[in-house]
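Novice: Here you go, sequence then predicted model.
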Amino acid sequence: MKKFIRLFNTVKYLKPLQVYYRLYYFARRRFRNLRGFHYPLAMASTSVPLTLQPSVPSYTSLSDKTFSFLNLSHTFQNGIDWNFPAYGKLWTYNLTYFDFLQQESVTKEEGLLLINDFIRQADTHKDALEPFPISLRGINWVKFLTHHKINDKKIDDSLYAQYNILMDNLEYHLLGNHLLENGFSLLFGAYYFQDDRLYAQAKKILTAELNEQILEDGAHFELSPMYHQIMLYRLLDCINLVQNNKWIDDGGWLTEFLRTKASKMLGWIETISYKNGDIPLFNDSARSIAPLSEELLEYAHNLKLFIQHSTLSESGYRKIVKPHYECIIDVGPIGPDYIPGHAHADTFNFELYIENKPFIVDTGLSTYDIGENRDYERSTKAHNTVEINGENSSEVWGGFRVADRAKVIELVENIDHIQATHDGYKKKFGILHTRSWKFEENKIIIEDRLNKKCDAVFSLHFHPDITEEDILEKIQNSKFKIQNYNFSPEFNKTSEALVLEIQFKKELKVEITL
């Protein structure tokens, strides 16, 4: 019964559109399987040469015959298996994104060999022909073909067929960043093939989803700084495309719309990033996946974009900057109700950098694989906040699902003082959690109050460079224990670090001296 209740508390937040497309795609797939339906893997096309300014080079993921994604490497000695399963679906996805075409070291000849090998094996592809990898691969192929001034009928016909598959499988069942990626890619396909049908769908998606997904303070609504960087990168690429290639005369409306959204997103990422360039690892965020903030800002400068200052409001994040430290806290929702797959049970989480170096950090993200590690990294215990009676503040489960979720029901902000209350434990235990932060020049005072007694634990996770002596020097509280945990700044990359756990019943005060 508990499983059915949890499932109901998860799906009740879905939009009717998501439910419709989930049912429609399921029924259509069953029907097509019975009829032996297959998409054509090549379609007659006509492409046009495009002009693009230099973008952001990708992280190095291809060297000789070795592909490296998510800190896992594999060498294909006897031909590439584009369905390579050993490292999980996300690794296979990355292999088929073709992001490595944007490496500065990949030559025209090497890139063409890889593309043609992919096309040669087209009838064996599995994950590669799903809409998400098609979307990313489409952009990467167009950028590569444009950069090297390649006009290849075989490649064009394959790419046009892939866009046909994408058009028939738009990710309305998921929405969020997946549908937005579909829209970005369709715009590239529309310009490359001068296809009115692709353009109309791209414009429809981008208009609706950018208005929906970019909050008033400029944040991407899934509230992952990493995904914000990725979405901003795609948006900048689209601005690059429409500014440098005149095709459809819409009076400049789309160009101006994209530029306006990018300006807000640039302001948010500039504000949320630390002085040393790091982003907070809130929700599903990891390093070495998205372009760096400074790279995005430079790219935007080259596109002559204006940066609109962000006040960090709707996203729920707040940043306090003092001469010796930067502190970023989370007093907002866990994410959009209908797509919280990248959310963690981390309400009232925070990070602290001292003298431009990480001190208190988010645990990070090492995997998307469903299991114990994924469950832990999304849990309340894995964040710098309060866990009550051994339960999560939001009911994260199944890798990318959330049932009951914490909501901030009160927020009071003054200069150097923030106080908020969330109800994540009210339904199960009748408990409200109130946390206040007081920011002084050389001290941060954190107070936690519960409306009734229980078994509560406040965890503080420290960067691997921080020693036990450093902790004892800066944390003022007499009742705690220090244990080890795995800090995960990147996928499949962990370092042993220290976590301080303070047990209390109803009220707690912790002082961090700098």
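Specialist: The structure has been received and is ready for your questions.
Novice: so Pro464 sits right up against Ala497, yeah?
Specialist: Yes - between Pro464 and Ala497 there is a contact at 4.2 Å, judged by C-beta atoms under 8 Å. Placement of C-beta: from N, CA and C, glycine included.
Novice: overlap in contacts of those two?
Specialist: Phe487 (C-beta atoms under 8 Å, 6 or more residues apart in numbering).
Novice: More neighbours: the two, which one.
Specialist: Ala497 (19 against 16; other C-beta atoms under 10 Å).
Novice: how many other residues sit next to Lys246?
Specialist: Lys246, neighbours per other C-beta under 10 Å, totals 10.
Novice: what about it, is that helix, strand or coil?
Specialist: Secondary structure assignment for Lys246 (DSSP: H, G, I helix; E, B strand; the rest coil): coil.
Novice: how close does it sit to Leu159?
Specialist: 22 Å (C-beta to C-beta, to the nearest Å).
Novice: Ok, Thr434 next?
Specialist: 55 Å.
Novice: what about the strands in the stretch 401-514 of the chain?
Specialist: 401-402, 408-414, 417-425, 431-439, 443-450, 456-461, 475-476, 481-490, 493-504, 507-513 (DSSP state E, counting those that start in this stretch).
Novice: Out of these, name the one with the poorest average pLDDT.
Specialist: When the strands of the stretch 401-514 of the chain are compared by mean pLDDT, strand 475-476 comes last with a mean of 80.
Novice: by contact count, what packs against it?
Specialist: Other elements packing on strand 475-476 under the criterion 3 or more C-beta pairs under 8 Å, 6 or more residues apart in numbering; DSSP states H and E are strand 507-513.
Novice: Check the offset of the strand it packs on from the chain's centre.
Specialist: Put simply, strand 507-513 sits 32 Å off its chain's centre (C-alpha atoms, centre = their mean, to the nearest Å).
Novice: what do you get for stretch 4-19?
Specialist: Worked out by C-alpha atoms, centre = their mean, stretch 4-19 lies 22 Å from the chain centre.
Novice: any idea of the mean pLDDT for it?
Specialist: 91.
Novice: List of residues touching that stretch?
Specialist: For stretch 4-19, contacts defined as C-beta under 8 Å, 6+ apart pick out 172-175, 337-338, 340, 395, 397, 401-404.
Novice: which of the residues in that stretch are buried?
Specialist: Residues of stretch 4-19 classed as buried by neighbour count (16 or more other C-beta atoms under 10 Å): Arg6, Asn9, Thr10, Leu14, Gln18.
Novice: swap in stretch 389-399?
Specialist: For stretch 389-399, by 16+ other C-beta under 10 Å, it's Glu391, Asn392, Ser393, Ser394, Glu395, Val396, Trp397.
Novice: Now the nearest residue to the fifth one once chain neighbours are set aside, what are its backbone angles?
Specialist: For Glu395, ignoring the flanking residues on the chain, the nearest one in space by C-beta to C-beta, 6 or more residues apart in numbering is Ala403 at 3.9 Å. With angles defined as degrees, to the nearest 10, Ala403 sits at phi -90, psi -110.
Novice: per-domain residue ranges of the chain.
Specialist: The chain breaks down into these domains under automatic domain parsing: 212-315, 317-513.
Novice: Do me a favour and get the end-to-end distance for the shortest one?
Specialist: Across domain 212-315, the terminal residues are separated by 13 Å (C-alpha to C-alpha, to the nearest Å).
Novice: what mean pLDDT does it have?
Specialist: 96.
Novice: residue contacts, the most centrally placed residue in the chain?
Specialist: Nearest to the mean C-alpha position of the chain, counting by C-alpha atoms, centre = their mean, stands Tyr227 at 2.6 Å. If you count contacts by C-beta under 8 Å, 6+ apart, Tyr227 has them with Asn177, His220, Asp284, Ser285, Ala290, His342.
Novice: just to revisit the earlier point, could you give me the ChimeraX selection string for whichever of the contacts of stretch 4-19 are buried?
Specialist: Listed next is the ChimeraX selection for buried residues among the contacts of stretch 4-19, using 16+ other C-beta under 10 Å:
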select :172,173,174,175,338,340,395,397,401,402,403,404
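Novice: what separates stretch 132-148 from the chain centre, distance-wise?
Specialist: With C-alpha atoms, centre = their mean, you get 20 Å for stretch 132-148.
Novice: Okay, buried residues for it please.
Specialist: Using 16+ other C-beta under 10 Å as the burial criterion, the residues of stretch 132-148 that qualify are 132-147.
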